[in-house]
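Colleague: build me a structure from this.
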Amino acid sequence: MGFQQVSHGTTYAPPLFTITGSATGLALADFMTGQVASLTQGAPTHTKLEQYYLGLYAQDSWKVRPGLTVSYGLRWEPFFPAQQGVLGPSGENEHFDMNGFLQGIRSKVFVKAPPGLYFPGDALYGPNGSSGINKSWNHFAPRVGIVWDPTKSDRTVIRAGYGIFFEQIPTLEFSVTSQSPPWGGKVNLLSVPGGLANPYAGQPDGNPFPFVLDSNTPFPPYGTFDTFKENTQTPYVQQWNFGIQRQIGNDWLVSVSYIGNEVTHLYGMRELNPAIFVPGNCSAGQYGLTAPGLCSTTANTNERRLLTQLNPTEGTKYGFVDAWDDGGTRTYHGLLLDTQKRISRGFTFTANYAWSHCISDLINSFPQTGAGGSGLYFAPARKGDRGNCTVSGSDVNNGGGTDRRHIANMSGIATMPTFSNRTLRMIASDWRPSATVSMYSGGPFVVVTGTDDARNGINAVTQYANQVLPNVYGNRLPGSGVDTHWLNPAAFAKPAPGTQANMAPGSVRGPGALIINAGLSRLFPIKERQSLELRAEAQNVLNRANFSDPTANLSSNTFGQIISTGPARIMQFALKYSF
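Modeller: Here you go, the predicted structure:
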């Protein structure tokens, strides 16, 4: 099986200006005076990717004895990395090598590339064609399952299973390199000197756009790059479960199950070219300062980057240099209680409850998003970014926060009986009421500062805050007191410049939710092939306020406050005529 991805993008061809109020303190004032916090721009990009897939499997089932069956199998899925099509002097991929940078070794494919950056065709790029990643032939995935009826009564069943499942690296992961110089030429300028009037004023080569792609294509300053190791591994998950099911009477089924999994080789990103924090004051001319002042500010992030310090002439070609990291893991353990009643006597019912915990390293499923530096590990070591599983932008109506410790659901459908009395039969017979109830505890999130307190340029707006008091919660809900903060503002503070925070992802939790939906319907036969159906439905029938997570950015005026909720009650009615 083969895949081909052909894309033409102009995402960053129109420049992306970020105006934050960093110059005057007010974003509107910065805009009116043309002050720009950052500029990201790139040329239109074109990508052609090809990837092949092969999978073979064998499975068998063995009935060991009456009441005991074992199923087992093995799947073989070798990994063939995506290959870049040749749209220019080489496939659209690059590799950064620190030793090559320190030794001043240049590419022979793009002769104006800074030292340390290599492309397909260069000896230091590697022997793996235009992909840069080794093939992997040893992807063997066994799985086994056991079903046991210990009483041989067909009323009690014990089930257990284990399996390994490999993931393929999607072609999307490889397509981001087309945004980098020299193809897309994406650059990221901070505290743009020329502002809105002349954004590239003061840059050594001026405005780099448009440019012609050939072996002599120039490389603009502070380009955004990503790189990965030849032996980058593909993610895989181990899944296991154990459960006991018991039938009670003729209609009821109850079960208790343990479910677990562990994902290995989750992708994150490391920054190879962070800004180096320099304490104290410096004189004009040092680290890009035009006047004496603090050595380390957000305005001179690029001038303080590691590669610029190591090589002031060639290092300025590098901005973000994001390296794939395949060492992340994620684990999940859950206890699931479930009961079901099959339809009988006019109604059916199901209910389940899950008690679970999920822990994960930081994940970046799309390298080089935005201006670069997005989804990077912030802490010096990967474990510093490990915490309760979170999902950004969690939705209170679907349990968007991954690590919700308690989740309960119930649903039921009933059919009203057919009454013998004609009047009752016309009014009350054959109605079908239904209801669903969902309850879950609060999801985890992280408190951020909204500023680059570490002064390293990494995840500048999502750096973690310090927790300075043991009790992080306030009065919790709006209307619960004069101080209506879910989070206690006094419990958090920004780290001192150049230091790391003491908080981890997912260390605080938002509010839970209770959602009840209801429905009522009835079918009115008219003739043999004609009928009329009346249906009424209500979502959040109690009109309960299910609060969203509070504002978690310390730089916001509404920090710690809940300023939004899920949808209010929604009612809808429908009339359907079938013929």
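Colleague: mind checking how far the residue nearest to residue 103 when sequence neighbours are not counted is from residue 223?
Modeller: Excluding its sequence neighbours, the residue lying closest to residue 103 (CB to CB, 6 or more residues apart in numbering) is residue 115, at 7.4 Å. Where C-beta positions appear, they are placed from N, C-alpha and C, glycine not excepted. For residue 115, the distance to residue 223 (CB to CB, to the nearest Å) stands at 14 Å.
Colleague: which of these two has more neighbours?
Modeller: residue 223 (27 against 20; other CB atoms under 10 Å).
Colleague: partners of the more buried one in the sheet?
Modeller: Beta bridges link residue 223 to residue 187, residue 318, judged by DSSP bridges.
Colleague: residue contacts, residue 325?
Modeller: Residue 325 is in contact with 267-270, 377, 382, counting by CB atoms under 8 Å, 6 or more residues apart in numbering.
Colleague: swap in 10 Å and give it another go.
Modeller: Counting by CB atoms under 10 Å, 6 or more residues apart in numbering, residue 325 touches 228-229, 232, 265-270, 361-362, 364, 376-377, 382.
Colleague: could you check how far residue 279 is from residue 304?
Modeller: From residue 279 to residue 304 the distance is 12 Å (CB to CB).
Colleague: overlap in contacts, the two.
Modeller: Counting by CB under 10 Å, 6+ apart, the contacts common to residue 279 and residue 304 are 295-296, 455.
Colleague: adding neighbour count, distance to residue 124 and pLDDT, write those residues out as a markdown table.
Modeller: Below are those laid out as a markdown table (neighbours: other CB atoms under 10 Å; distance: CB to CB, whole Å; pLDDT from 0 to 100):
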| residue | neighbour count | distance to residue 124 | pLDDT |
| --- | --- | --- | --- |
| 295 | 19 | 34 | 95 |
| 296 | 23 | 33 | 94 |
| 455 | 26 | 32 | 92 |
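Colleague: out of these, which is nearest to residue 258?
Modeller: Using CB to CB, the shortest approach to residue 258 within these belongs to residue 455, at 46.1 Å.
Colleague: the closest one contacts residue 303, doesn't it?
Modeller: No: Residue 455 is not in contact with residue 303 according to CB atoms under 10 Å; the separation is 11.8 Å.
Colleague: identify the contacts common to the two.
Modeller: 275, 296-297.
Colleague: pLDDT value on the nearest residue to residue 569 once chain neighbours are set aside, please?
Modeller: Nearest residue to residue 569 in three dimensions, chain neighbours excluded: residue 543, at 4.0 Å (CB to CB, 6+ apart). We have a pLDDT of 94 for residue 543.
Colleague: how much space between residue 543 and residue 508?
Modeller: Relative to residue 508, and taking CB to CB, residue 543 is found at 28 Å.
Colleague: give me the buried positions along the helix or strand containing residue 269.
Modeller: Using DSSP states H and E, residue 269 maps to strand 252-271. Residues of strand 252-271 classed as buried: 253, 255, 257, 259, 261, 263-271 (neighbour count, 16 or more other CB atoms under 10 Å).
Colleague: which of those residues sits closest to residue 239?
Modeller: The nearest member of the buried residues of strand 252-271 to residue 239, counting by CB to CB, is residue 261 at 4.4 Å.
Colleague: ok, and the closest non-adjacent residue to that closest one?
Modeller: Using CB to CB, 6+ apart, the closest residue to residue 261 is residue 239 (4.4 Å).
Colleague: quick check: the one you found touching residue 264?
Modeller: No: with contact defined as CB under 10 Å, residue 239 does not reach residue 264; the gap is 12.0 Å.
Colleague: joint contacts of the two?
Modeller: In contact with both residue 239 and residue 264: residue 164, using CB under 10 Å, 6+ apart.
Colleague: can you tell me the helix or strand for the nearest residue to residue 515 once chain neighbours are set aside?
Modeller: Spatial nearest neighbour of residue 515, excluding adjacent residues (CB to CB, 6+ apart): residue 438 at 4.6 Å. Assessed by DSSP H and E, residue 438 sits inside strand 432-440.
Colleague: that strand: partners in the sheet, and parallel or antiparallel?
Modeller: Strand 432-440 pairs in its sheet with strand 406-414 (antiparallel), strand 513-527 (antiparallel), by DSSP bridges.
Colleague: and those strands, which one is worst for confidence?
Modeller: Going by mean pLDDT, the lowest-scoring of those is strand 513-527, which has a mean of 90.
Colleague: in it, what counts as buried?
Modeller: Quick answer for strand 513-527 (16+ other CB under 10 Å): 513, 515-522.
Colleague: okay, helices next: where are they in the stretch 1-150 of the chain?
Modeller: 27-32, 98-103 (DSSP state H, counting those that start in this stretch).
Colleague: residues of the first one that come out buried?
Modeller: Using 16+ other CB under 10 Å as the burial criterion, the residues of helix 27-32 that qualify are 27, 30.
Colleague: okay, now the closest residue to residue 306 other than its chain neighbours: neighbour count?
Modeller: Spatial nearest neighbour of residue 306, chain neighbours left out: residue 273 (5.3 Å); criterion: CB to CB, 6+ apart. Close neighbours of residue 273, defined as other CB under 10 Å, add up to 28.
Colleague: residue 238 bridge partners, please.
Modeller: Beta-bridge pairing for residue 238 (DSSP bridges): residue 164, residue 262.
Colleague: quick check: it touching residue 265?
Modeller: No: in this structure, residue 238 is not within contact of residue 265 by CB under 10 Å, at 11.6 Å.
Colleague: give me the low-pLDDT residue ranges for the stretch 151-300 of the chain?
Modeller: Residues of the stretch 151-300 of the chain meeting the criterion pLDDT under 70: 170-176, 178, 205.
Colleague: go again with 90.
Modeller: Counting by pLDDT under 90, the stretch 151-300 of the chain contains low-confidence residues at 151-154, 167-234, 249-250, 266-271, 285, 288-290, 298-299.
Colleague: quick one, strands of it?
Modeller: 156-166, 187-192, 223-227, 236-248, 252-271, 281-282, 293-294 (DSSP state E, counting those that start in this stretch).
Colleague: right, and these - which one's nearest residue 579?
Modeller: That would be strand 252-271 among the strands of the stretch 151-300 of the chain, by CB to CB, at 39.4 Å.
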